[in-house]
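> Make a model of this:
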Amino acid sequence: MIRITGSAKSRLKRINFDRVKKAGLILRLALNNGGQLGLLAGKEQISDEVYREGRKKVLLIAEELAVILNGCTLDIRDTKEGRVLYMLH
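The predicted model follows:
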């Protein structure tokens, strides 16, 4: 299981509210073809790890990816481009 900081959960909740407009979809952490992590909107699968901010579901992670990321922390980092989500191993 990964750890998600409070500030990262708040950011994920905001992204879900601002960008995920279709009912039943939630942000999903996924690997792209280049092996980089990214966010996309997806439906909850039975084997997903589900992360919440309060009662609101804010992030889904497929079981296979969750095993790889076990022990990592998702947090916020300030950059020149603004505040971004990042994974700390």
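> what's the lengthiest helix in the chain packed up against?
Secondary structure of the chain per DSSP state H: the longest helix is helix 6-19. Applying 3 or more C-beta pairs under 8 Å, 6 or more residues apart in numbering; DSSP states H and E, we find helix 6-19 packed against strand 26-31, strand 49-53, strand 56-61, strand 73-79, strand 82-88. Glycine gets a C-beta too; all of them are placed from N, C-alpha and C.
> got a markdown table for these, with distance to R19 and mean pLDDT too?
Listed next are the helices and strands packed on helix 6-19 as a markdown table, based on distance: least, C-beta to C-beta, whole Å; pLDDT from 0 to 100:
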| stretch | distance to R19 | mean pLDDT |
| --- | --- | --- |
| strand 26-31 | 8 | 95 |
| strand 49-53 | 15 | 95 |
| strand 56-61 | 12 | 95 |
| strand 73-79 | 17 | 96 |
| strand 82-88 | 13 | 93 |
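> and those, which is most packed in?
Neighbour counts (mean count of other C-beta atoms under 10 Å) averaged over each of the helices and strands packed on helix 6-19 peak at strand 56-61, with a mean of 20.
> list the buried ones in the helix or strand just after that strand?
On the C-terminal side of strand 56-61, the closest following helix or strand by DSSP states H and E is helix 63-69. Across helix 63-69, burial judged by 16 or more other C-beta atoms under 10 Å covers L65, A66, L69.
> and the closest residue to the last one other than its chain neighbours, what are its phi and psi?
Using C-beta to C-beta, 6 or more residues apart in numbering and skipping the chain neighbours, the partner closest in space to L69 is I2 (5.0 Å). Backbone torsions for I2, taken as degrees, to the nearest 10, come to phi -90, psi 160.
> Just the local confidence number for I2, please.
If you check I2, the pLDDT there is 95.
> how much space between the closest residue in space to L25 that isn't next to it in sequence and L60?
Nearest non-adjacent residue to L25, counting by C-beta to C-beta, 6+ apart: A41, 4.2 Å away. Distance, A41 to L60, by C-beta to C-beta, to the nearest Å: 10 Å.
> For these two, list the residues in contact with both.
I26, L27, R28 (C-beta atoms under 8 Å, 6 or more residues apart in numbering).
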